[in-house]
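>>> Sequence first, predicted coordinates after that:
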Amino acid sequence: MALSGYKKDGRELRIFENVDELSCNFAEYIAELSEVSIKERGVFAIALSGGSLVKLMGKLCEAPYNKTVDWAKWYIFWVDERVVAKSHTDSNYKLVKDGFLSKVPIVHGHVHSINDSVTAEQAAEDYEFVIRQLVKTRVISVSEINDCPKFDLILLGMGPDGHVASLFPNHPAFNEKEQWVTFITDSPKAPPERITFTLPVINSAANVAVVATGASKAEAAHVAIDGAGPDYPVLPAMMVQPINGELVWFLDIAAASKIEGANFSE
Ligand SMILES: O=C1O[C@H](COP(=O)(O)O)[C@@H](O)[C@H](O)[C@H]1O
């Protein structure tokens, strides 16, 4: 049960005493959205980030979800990826494969990872092409507002600097409005070469979750949720504002400790 769950400026904040409780609620949230989407559209198109998020999805691989979720209808994408071999320890694909995909029966052909044998620029172009084909066949829905893909769910982690996906503060990729998938070759966090969904794609999703745990994320969570002060750049995390979708932040107490008005009584 969340210590605190409330709406703030159109986004729902769910704050948990510890990561175990957060993980339980997070799994329930994903399973419920999967059920709704499969009922409405026959498929569930979910885009995952890497980082600490993947471990926090662990309960989905356990009972009851391993048996109750309709895994055959899931289509998997990556919100961002490091341009390294799929077997490399820095690969978000490898992280998700080892921590999630290898534990649930998702159809191999429904797993859409990047081409890791080309440049970052080409990988971004190829990945956008794949997504465009799947929008045409409506495996991925389309936004009613713009021509962007409308993923059923986008899962984002947040770095201590307030980055989401591979959109970093003060980096030009953060302002990309035309492409669905862009690339960077100078990521402030290693490895330098990455591809990433752009903000218009993230903000066109039907549902977006941002997950942040630990004290190192407290300042960025405060700035992203309460708004930037004069000393702060605009953080990518604060620009996550789905146009026509639902946004939920999942935080543990440590990450939520600086949020104004966060109420930790049950
Ligand atoms: O580099 C990345 O970092 C973010 C945040 O990672 P975390 O370990 O601090 O949660 C992650 O969401 C992104 O996918 C990844 O490429």
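Received, thanks.
>>> The longest helix belonging to the chain vs the ligand: in contact?
As assigned by DSSP state H, the longest helix anywhere in the chain is helix 19-41. No. Against the ligand, helix 19-41 shows no contacts by C-beta under 6 Å from any ligand atom, the least distance being 11.8 Å. For every residue, glycine as well, the C-beta is placed using N, CA and C.
>>> Report the buried residues of that helix.
Buried residues in helix 19-41, counting neighbours by 16 or more other C-beta atoms under 10 Å, are found at 19, 21-23, 25-27, 29-31, 33-34, 37-38, 41.
>>> Point out where this protein drops to low pLDDT.
Within the chain, the ranges that satisfy pLDDT under 70 run 1, 263-266.
>>> Next up, the contacts around the single nearest residue of the chain relative to the ligand.
Among all residues of the chain, residue 51 sits closest to the ligand, at 2.4 Å; criterion: C-beta to the nearest ligand atom. Neighbour list for residue 51: 92, 95, 157, 159 [criterion: C-beta atoms under 8 Å, 6 or more residues apart in numbering].
>>> Then it would be within a helix, right?
No. Applying DSSP: H, G, I helix; E, B strand; the rest coil, one finds residue 51 to be coil, outside a helix.
>>> how about it, phi and psi?
phi 70, psi -160 (degrees, to the nearest 10).
>>> quick one: it and residue 177, what's the gap?
Distance of residue 51 to residue 177, given as C-beta to C-beta, to the nearest Å: 25 Å.
>>> Report the contact partners of the nearest residue to residue 5 once chain neighbours are set aside.
With sequence-adjacent residues excluded and distances taken as C-beta to C-beta, 6 or more residues apart in numbering, residue 5 is closest to residue 14, at 4.9 Å. Residues near residue 14 by C-beta under 8 Å, 6+ apart: 2, 4-5, 22, 25, 248-251.
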